[in-house]
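A.B. asks: Sequence and computational prediction follow.
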Amino acid sequence: MKNVLESWKYPSILLFGIGISNMGAWIYFIALNLIVLDMTESALAVSILYLIRPLATMFTNSWAGSFIDRMNKRSLMVYLDFARAALIFLVPLFDSLIYIYVLVFLINMGNSAFYPASSTYITKLIPPERRQRFNAVNSLIGSGAFMIGPAIAGLLFLIGSPTTAIYINAAALAFSGFIMLLMPNLEKDAFMEAEVERMSWKLLKQDWGVVIGFYRRAYYVLAVCLLFGIVMVVMATAVDSLEAAFARVVLGLSESDYGILVSVAGAGIIVGAALNVIIVKRVANSIMIGVGTIGVCIGYLIYAFSGTFAVAAVGFFVLAFFIAFANAGYVTFYQNHIPIELMGRVGSMNGFIEAGLVMIATIILGVAAEWISIGAAVLGGIVVMALLGVLLCTIILLPSKKRYFEMPSA
C-alpha cells in the first residue's frame, strides 16, 4: 500500500494542479465573453473571440514544437502558467477592444504551447502501465471542472463581477505554476550541455520533415490521430458553433431550456468519466476509442433528429457520456505510440492541422446555415462526423491491429 501511495504522489499533485487550472479556465472563458459583450453589446465582437483561438493555435503550433522538444518541459510549463496569469490579469485593465483581442491572442498562444509540453511531461512522468488510469482520472477532473467552473463563475457574478472572475482565474493559473514547481524536474540535466539550436526557417522545415517522416513510417498511427482529430475536434467544434442557434431556432427551446440541456451534458460527462475510472483497467483501449467515438456520434445524431426537448436531452447526455471514454483512450494511444523526443513537434503539427480544419469546417457550416438552413447545416455536419467515426471505429477494431492497443505489463 505504501508503494502504491508513493507511486501516485506526484501524479496526484499534477492532477490537483490540472484541476485548479481547468476550473479557472472555465471561469475566464465565461467572464471574458461577458466583459466583451458588456463593452460592445455586439454578438459579432464575442464571436471574434472564438476565431482568435484557432488563429493563435495555427500561428503558435507552426513553430512551437521545435521549441518544446528542445526545452525543459517542467520549466516551460511553469513559465507558461505565470505568463498566462500575468496576461489574464491585464485583461480588465484595458478598455480598448483591440488591446483585449491582442491579449487574448497571446493567452491562446500560451495555451497552444502548454498542451504539447504538458503531454510530453505527463508521458515521461507516468509509466505505461498506469497511463490509462491516470488519463481516466484526468478526464474525470476535466469533467468536474466543466460543471464546477461555470457554477463558481455564476456565484462570482452574483457577489462581484466578471472582472473579479478574471482575477480569480489569473490567481488559479499562478497557483498552478507554483504547484508545477513541486513536481520532479525530469530533464534537469538534459538541456544543460547540449547546444540549443537557434530557431530558424531551416530548422522548422527540418523538424516538420522529421514529423512527416515519422508518420510515413507509422501510417496507422497517423490514420488514427487524423481521424480522431477530425471527428472529435474538427467536426464537433464546427457543429457546436451552431448548437445554440439550432436549439433556439430549430427546436424552439427557450434560453432556460438550453441552459438545462447544457447541464444535462455536464451530468453525462461526469457519469461517463466516473464510470470510466472504475472500468478502465478492464476494457481494451481499442474499445474505449472505438465505442466511445461511435457513442459520441450517436448522441449527436439523436440531437440532430430530435423534435422535442426530451429527445434532445437524451442526445446531449449520450454524446457527453461517451466523450470521456473516447478521449481517455485516445490520449493513452497517443502516449504509447508517439516517441517522447518527438511529442512536442508531433503534437504541435496535429494542433496546427486541426486548427486549420476547424476554421474551414466552421465557415462551411456557417455559410450553409445562412444559405440553406441551420437544421440542414447541423445535420450535414453530424452525418459527415458519423461516417468518419464509423471509419475510425472500423480501423481500430481490426483484428490485425490488436497489437497497437495491448495493455503494457506492470
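C.D. replies: Happy to help now that I have it.
A.B. asks: Going by C-alpha atoms from here, please, whenever you check contacts or count neighbours.
C.D. replies: Noted.
A.B. asks: helices and strands around the lengthiest helix in the chain, which ones?
C.D. replies: Secondary structure of the chain read by DSSP state H shows that its longest helix is helix 9-40. With contacts taken as 3 or more CA pairs under 8 Å, 6 or more residues apart in numbering; DSSP states H and E, helix 9-40 sits against helix 43-61, helix 97-125, helix 131-159, helix 162-180.
A.B. asks: closest one to residue 354 among those helices?
C.D. replies: helix 43-61 (8.5 Å; CA to CA).
A.B. asks: any idea which helix or strand comes after the closest one?
C.D. replies: Using DSSP states H and E, the helix or strand that follows helix 43-61 towards the C-terminus is helix 64-68.
A.B. asks: now that next one, how far from the centre of its chain.
C.D. replies: In terms of CA atoms, centre = their mean, to the nearest Å, the centre of helix 64-68 is found 19 Å from the chain centre.
A.B. asks: what does that helix contact?
C.D. replies: 76, 113, 116-117, 199, 203-204, 207, 343-349 (CA atoms under 8 Å, 6 or more residues apart in numbering).
A.B. asks: Give the PyMOL command for selecting the buried subset of these.
C.D. replies: Here is the PyMOL command that picks out the buried ones among the contacts of helix 64-68, judged by 16 or more other CA atoms under 10 Å:
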select buried, resi 76+113+116+117+204+207+343+344+345+346+347+348+349
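A.B. asks: circling back to that earlier point, what is the mean pLDDT for the longest helix of the chain?
C.D. replies: Across helix 9-40, the average pLDDT comes to 77.
A.B. asks: List the buried residues in that helix.
C.D. replies: Going by neighbour count (16+ other CA under 10 Å), the buried part of helix 9-40 is 10-11, 14-37.
A.B. asks: okay, stretch 92-112 in CSV with CA atoms only?
C.D. replies: Output in CSV follows, covering the C-alpha atoms of stretch 92-112 (Å, rounded to 0.1, in the frame of the first residue of the first chain):
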residue,chain,number,x,y,z
PRO,A,92,-9.7,44.0,-17.2
LEU,A,93,-7.3,46.9,-17.2
PHE,A,94,-7.9,47.8,-20.8
ASP,A,95,-11.0,49.4,-22.2
SER,A,96,-9.9,49.1,-25.8
LEU,A,97,-11.3,46.0,-27.6
ILE,A,98,-8.3,45.8,-29.9
TYR,A,99,-5.9,45.5,-26.9
ILE,A,100,-8.2,42.9,-25.3
TYR,A,101,-8.1,40.9,-28.6
VAL,A,102,-4.3,41.1,-28.6
LEU,A,103,-4.1,39.9,-25.0
VAL,A,104,-6.5,37.0,-25.8
PHE,A,105,-4.4,36.1,-28.8
LEU,A,106,-1.2,36.0,-26.6
ILE,A,107,-3.0,33.9,-23.9
ASN,A,108,-4.2,31.4,-26.5
MET,A,109,-0.7,31.2,-27.9
GLY,A,110,0.4,30.2,-24.4
ASN,A,111,-2.5,27.6,-24.2
SER,A,112,-1.4,26.2,-27.6
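A.B. asks: So what's the gap between that stretch and the chain middle?
C.D. replies: So, by CA atoms, centre = their mean, the centroid of stretch 92-112 is 20 Å from its chain's centroid.
A.B. asks: Extract the C-alpha trace of stretch 326-336 and format it as PDB.
C.D. replies: What follows is stretch 326-336, C-alpha atoms only, in PDB (Å, rounded to 0.1, in the frame of the first residue of the first chain):
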ATOM      1  CA  ALA A 326     -13.000   8.300 -26.300                       C
ATOM      2  CA  ASN A 327     -10.700  11.000 -25.000                       C
ATOM      3  CA  ALA A 328      -9.000   8.900 -22.300                       C
ATOM      4  CA  GLY A 329      -8.500   6.000 -24.800                       C
ATOM      5  CA  TYR A 330      -7.000   8.300 -27.500                       C
ATOM      6  CA  VAL A 331      -4.700  10.000 -25.100                       C
ATOM      7  CA  THR A 332      -3.300   6.600 -23.900                       C
ATOM      8  CA  PHE A 333      -2.900   5.500 -27.500                       C
ATOM      9  CA  TYR A 334      -1.000   8.800 -28.300                       C
ATOM     10  CA  GLN A 335       1.300   8.500 -25.300                       C
ATOM     11  CA  ASN A 336       2.100   4.900 -26.200                       C
END
